[in-house]
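Colleague: build me a model from this:
(chains A, B, C and D)
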Amino acid sequence: MLLVRIAETSAALAATPSRNVKRDLIAGVLSEATAEDIEIVISYLSGRLRQRRTGVGWRSLLDLPVAAAEATLTVAEADRAFELIADLSGAGSTRARVSAVVELFGRATDSEQMLLRGLVFEELRQGALDSLVQEGLALATDVPVAAVRRAAMLLGSTAAAGVVLRRGGVDALTAVGLTLGVPVLPMLAASAPDTGAAVDKSGLPVAVDFKLDGIRVQVHRDGDVVSIYTRSLEEITDRLPEVVSAVRSLAEPQLVLDGEVLAFRVDGRPEAFQVIASRTASQVDVAAQAARTPLSVFFFDLLRAGDRDLLDAPLAQRIEVMAEVLPPSMIVPRVLAEDEATVGSVFADAVSRGYEGVVIKNVTAGYAAGRRDAGWVKIKPRHTFDLVVTAAEWGHGRRTGLLSNLHLAARDPGTGELIMLGKTFKGLTDELLRWQTDRFLELETRRTAGTVHVRPQLVVEIACDGIQRSSRYPGGIALRFARVLRYRDDKSPSEADTIDQVRLLANTP
DNA sequence: GTTGCTTATACTC
DNA sequence: TTCTGACGCATTCGG
DNA sequence: CCGAATGCGTCAGAAGAGTATAAGCAAC
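Modeller: Residues are numbered from 1 along each chain as shown, chains lettered A, B, ... in the order given. Below you'll find the model as predicted:
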């Protein structure tokens, strides 16, 4: 298939708001794709390259060659080019990568260059990603969407499901099962502001799991072979030797487990997220790091034990089997709750012991991978501060022409200076965006690239999940997941919160 | 040639 | 990771 | 009884914080 077919479809997708029209457009392209092309075509339609990392970023795409006049590139040729580019390494590879990129883009027309750019950045902005492609695939092949979704979850991608479907038809698609060593898309949790809202979503009874602020891991074991995958299904087995040996020590030889790795401080409270993230991201000198910061693994789900496939079993049953095959020390702290009051007390207990909150899980629900429905609902405490806006950045995409990203600062009670703690663009309605754009332009003092600096006059109430150590910001701390709640018209900057008040969050025992 | 700093990329939440 | 807004579908409301 | 209004689930897209690593480059 010619790449221009995808490029034109992508443009058409972007041009229509209707999900049904998008689905039909996708189905049209997929019905034309050959068995050889189908994986690439599905990948591209859902806005992704097949290659996980190519080493090509915005810098490499700064100056692109003049576009080709005629559309000759095929999807297979584009894929092969990215395959070669991804393989480059060592001295001189940066230059080689640039010239390979230039060559590829030089063969692409204008619309194809736009498509390739979108694929590289995963910012196609055509209003269709995986789920709509799944609907299109189902329509094109006359297969129920649910069957496509299920195979995609079990195989880790829609593209993989499409290959099976094209090669072996519906029968092959429905025959796809959980396979040891093939990671499944992880189940995701919805969120709720408090226990009442959470229980409304999940129903009762529920398992109330402590929410561990670490790194999600999916662990497969087939005898001596243990594989560990991240949330995005990247394999990180070699980075977590203690998890490998912990799982190898279990009696059950065949397992698929879902859990979180965590580290502890000497006082027994969980380490900061950054410490665990650093461990999980490190590939060099793993043994020394493991000695310095040992990780613990806590599993909260079990999808396979021996020949028992538990994917569709209710959580209550999966919990029972977990108790059979795992020692209590490897199971997430968890309480079964019949009522909201119990959920509330477990939440309070988890937070007071330094955990991130809780995730409540309906005990009748199966493992619905890749979906963010009401089966799991997370609850986290919400901290709020009144901070001063010192600048705002011009938005992109649907926020073009609007001042969007706010620079937030707290007062230094000693000097009276404002100390920047981070930025946020979240929580702003369209109306608020328009209002603040006008207001900031009135308060403008100077302008730097993409940023309008303003007189520190406006106070916003900001919610965040917590604070973290920062080497970037002058106060040594930064806000985690900051979002705007409202402007405090009733407060002047002198009444905003101080950096000391913000720091108190870090020092909770 | 080695060392140390900077930049780009890719990943976690 | 969080949040807002738009779409599509099902259910309820009103003349 | 039928079209309009409303509610809800699902999806897309706006962009934050940190950390590690490889390659490039300047200084010794």
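Colleague: where does the closest residue to A:Asp497 other than its chain neighbours land in three-state SS?
Modeller: Once its chain neighbours are removed from consideration, A:Asp497 has its nearest residue in A:Phe385; the separation is 4.6 Å (CB to CB, 6 or more residues apart in numbering). Just so you know, the C-beta spots here come from the backbone N, C-alpha and C atoms, and that holds for glycine as well. Secondary structure for A:Phe385, judged by DSSP: H, G, I helix; E, B strand; the rest coil, is strand.
Colleague: repeat that for A:Lys22.
Modeller: In the three-state summary, A:Lys22 is assigned as helix, counting by three-state DSSP.
Colleague: pretty sure it is touching A:Leu132, no?
Modeller: Yes: in this structure A:Lys22 lies within contact range of A:Leu132 using CB atoms under 8 Å: 5.5 Å.
Colleague: more neighbours: these two, which one.
Modeller: Legend: neighbour count by other CB atoms under 10 Å for A:Lys22 and A:Leu132, higher for A:Lys22 (23 against 20).
Colleague: if I look at the more buried one, how far off is A:Ala147?
Modeller: According to CB to CB, to the nearest Å, A:Lys22 and A:Ala147 sit 20 Å apart.
Colleague: repeat that for A:Ala449.
Modeller: 50 Å.
Colleague: now the residue of the stretch 351-500 of chain A found nearest DNA strand D, nearest residue through space, not along the chain?
Modeller: Scanning the stretch 351-500 of chain A for the residue nearest DNA strand D gives A:Gly397, at 1.8 Å (criterion: CB to the nearest atom of the strand). Using CB to CB, 6+ apart and skipping the chain neighbours, the partner closest in space to A:Gly397 is A:Arg125 (6.4 Å).
Colleague: sorry, back to before: please name the bridge partners of the residue nearest to A:Asp497.
Modeller: With DSSP bridges as the criterion, A:Phe385 is bridged to A:Ile462.
Colleague: neighbours of it, just the number please.
Modeller: 23.
Colleague: which residues does it contact?
Modeller: For A:Phe385, the contacting residues are A:410, A:461-462, A:464, A:479, A:497, A:501-502, taking CB atoms under 8 Å, 6 or more residues apart in numbering as the criterion.
Colleague: same check, this time on A:Thr342
Modeller: Applying CB under 8 Å, 6+ apart to A:Thr342 gives the contacts A:208, A:335.
Colleague: next one: phi and psi at A:Ala478?
Modeller: The phi and psi values for A:Ala478, taken as degrees, to the nearest 10, are phi -140, psi 150.
Colleague: who's in contact with the residue lying closest to it once chain neighbours are set aside?
Modeller: Nearest-residue entry for A:Ala478: A:Ser470, 3.7 Å, with adjacent residues in sequence omitted and distances by CB to CB, 6+ apart. A:Ser470 makes contacts with A:476-478, as judged by CB under 8 Å, 6+ apart.
Colleague: nearest to A:Thr424, of the residues you listed?
Modeller: Looking at these and their distance to A:Thr424, the nearest is A:Ala478, at 11.1 Å (CB to CB).
Colleague: which residues of chain A score low on pLDDT?
Modeller: When the per-residue scores of chain A are filtered using pLDDT under 70, the ranges that remain are A:370-372, A:507-509.
Colleague: the longest helix in it is where?
Modeller: For chain A, the helix reaching the highest residue count under DSSP state H is reported as helix A:158-175.
Colleague: before we move on, back to that, quick check, nearest of the contacts of A:Ser470 to A:Gly401?
Modeller: Closest approach between those and A:Gly401, by CB to CB: A:Ala478, at 28.2 Å.
Colleague: which ones are touching the closest one?
Modeller: A:Ala478 neighbours (CB under 8 Å, 6+ apart): A:421-422, A:467-470, A:472.
Colleague: same check, this time on A:Leu185
Modeller: With contacts taken as CB under 8 Å, 6+ apart, A:Leu185 has the following neighbours: A:152-153, A:156-157, A:233, A:369-370.
Colleague: and it, helix, strand or coil?
Modeller: For A:Leu185, the secondary structure call by three-state DSSP comes out as coil.
Colleague: and for A:Lys361?
Modeller: The local conformation at A:Lys361, judged by three-state DSSP, is strand.
Colleague: where do the helices sit along the stretch 1-150 of chain A?
Modeller: A:3-15, A:19-32, A:38-45, A:75-87, A:93-106, A:110-121, A:130-141, A:145-155 (DSSP state H, counting those that start in this stretch).
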